[in-house]
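Peer 1: how does the following fold in three dimensions:
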Amino acid sequence: SMAVYLYSTSSKENGQKTEIPPTVGEKSIAVLPLKNWTGNPDLEYVSDGMTDAVISGLTKIATINKVIPFLSVLNYKETEKTPNEIASELGVAKLMQGNLQISGDYIKINLQLIDVNSNDHLWSKAYMKEWKSEEIFELQNEVVEGIAKVMNVAIADDELEYFKRIPTKNKQAYSYYLQAEFQRYKANKATFDLAKPLYEKAIALDSKFVEAYHGLATVWNSGGMVWGIYDQQQAWKNAKHYLQTALEIDPTNQEVQEELYAGYFYYDWDFEKAEEYYQAVAQNTFYTKTPILNT
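Peer 2: Coordinates of the predicted model:
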């Protein structure tokens with residue numbers, strides 16, 4: 001969400017053995033970026049996109065008490081560090097690593113889940129689906145459910161319902177969206193300028209694609225507020241338009257609500273509106289079925 005753009009940095013370890021602090025909860029996990037084993041470096045956006053989607057799904061499960069955000073695991077993409085060192089730095093008990101392959105019309109993900117405290121490989125599994133949007137989302141959901149099962153955490157019905165919905169039925173729109181996200185995460189003017197038209201292409205193919213509106217709004221917000229690339233008020237005006245459009249399509253979308261109300265707070269200094277929202281969130285279940293407030 002806009003309120004928290006944390007770009008964590010990693011430091012070189014001195015090679016000594018690292019112990020996981022005893023305070024680390026068992027129900028904590030980091031999903032390392034899936035390695036792109038497609039043989040095509042241009043498909044890195046697919047392996048990153050799948051990693052991000054799995055992390056996003058796990059984040060929605062309240063019984064997992066810590067999931068490392070995608071931006072923080074990106075630092076470990078080209079790491080020489082051991083699973084123990086990584087888990088220690090991130091403060092998690094479980095580490096998932098894997099790779100992504102594409103063969104013809106099929107996409108395959110191979111995964112391993114490691115319990116760092118015991119050095120046990122708890123689980124390894126391969127998932128394969130056809131490379132079309134419904135199956136891609138099914139694959140992501142199966143991975144999330146598989147991890148939850150092996151971590152012995154329960155998924156509430158409303159959480160399941162939330163991450164089982166299909167963001168878009170248009171495969172090409174989803175592909176543009178993943179490419180846009182890949183550029184957005186690099187976070188500089190050149191990549192933001194590449195990301196915007198890709199989100200726009202996704203929206204042109206599917207005008208109800210909420211995540212694409214959200215991504216586009218995030219480019220404007222982070223480019224305006226965090227990086228100073230765009231004029232702040234112009235950036236917020238654009239972002240607000242995309243976020244309000246997204247909420248008209250899906251009034252219950254928590255990520256979009258958070259981004260919008262953070263904007264009301266930071267840009268409009270509308271503290272009353274923001275306060276009312278955060279009070280409503282505090283009294284609601286996290287992924288609420290109904291719009292928290294009218295925007």
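
Peer 1: pLDDT value on G15, please?
Peer 2: pLDDT for G15: 42.

Peer 1: tell me the pLDDT of the spatially closest residue to A154 that is not a sequence neighbour.
Peer 2: Leaving out its chain neighbours, the residue that sits closest to A154 by Cβ to Cβ, 6 or more residues apart in numbering is T63, at 5.4 Å. (Each C-beta comes from the backbone N, C-alpha and C, glycine too.) Note for T63: predicted pLDDT of 94.

Peer 1: how about the contacts made by T63?
Peer 2: 27, 148, 153-156 (Cβ atoms under 8 Å, 6 or more residues apart in numbering).

Peer 1: of the residues you listed, which belong to helices?
Peer 2: A148 (DSSP state H).

Peer 1: from D206, how far out is the residue nearest to A154?
Peer 2: Separation of T63 from D206 (Cβ to Cβ, to the nearest Å): 32 Å.

Peer 1: tell me which stretches of the chain form helices.
Peer 2: 44-59, 70-73, 83-90, 133-150, 157-164, 171-184, 189-205, 210-221, 232-249, 254-266, 271-283.

Peer 1: most neighbours per residue, which of these?
Peer 2: helix 210-221 (a mean of 26; mean count of other Cβ atoms under 10 Å).

Peer 1: mind giving me the packing neighbours of that helix?
Peer 2: helix 171-184, helix 189-205, helix 232-249, helix 254-266 (3 or more Cβ pairs under 8 Å, 6 or more residues apart in numbering; DSSP states H and E).

Peer 1: and the angle from the third one to helix 210-221?
Peer 2: Between the axes of helix 232-249 and helix 210-221, defined by axes from the mean of the first three to the mean of the last three Cα atoms, to 10 degrees, the angle is 170 degrees.

Peer 1: circling back: quick check: which of the helices of the chain is nearest to L100?
Peer 2: helix 44-59 (4.3 Å; Cβ to Cβ).

Peer 1: keeping just the C-alphas, turn that closest one into CSV.
Peer 2: This file holds the C-alpha atoms of helix 44-59, laid out as CSV (Å, rounded to 0.1, in the frame of the first residue of the first chain):
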residue,chain,number,x,y,z
GLU,A,44,11.4,-12.9,-16.1
TYR,A,45,8.2,-10.9,-15.6
VAL,A,46,6.2,-14.1,-15.5
SER,A,47,8.3,-15.7,-12.7
ASP,A,48,8.3,-12.5,-10.7
GLY,A,49,4.5,-12.1,-11.3
MET,A,50,3.8,-15.6,-10.0
THR,A,51,6.0,-15.0,-6.9
ASP,A,52,4.2,-11.7,-6.2
ALA,A,53,0.8,-13.4,-6.7
VAL,A,54,1.6,-16.2,-4.2
ILE,A,55,2.9,-13.7,-1.6
SER,A,56,-0.2,-11.7,-2.1
GLY,A,57,-2.4,-14.8,-1.5
LEU,A,58,-0.5,-15.8,1.6
THR,A,59,-0.8,-12.2,3.0
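
Peer 1: enumerate every residue touching the residue lying closest to A53 once chain neighbours are set aside.
Peer 2: Distance criterion Cβ to Cβ, 6+ apart; nearest residue to A53, sequence neighbours excluded, is Q140 at 4.5 Å. Contact analysis of Q140 by Cβ under 8 Å, 6+ apart lists 50, 53-54, 57.
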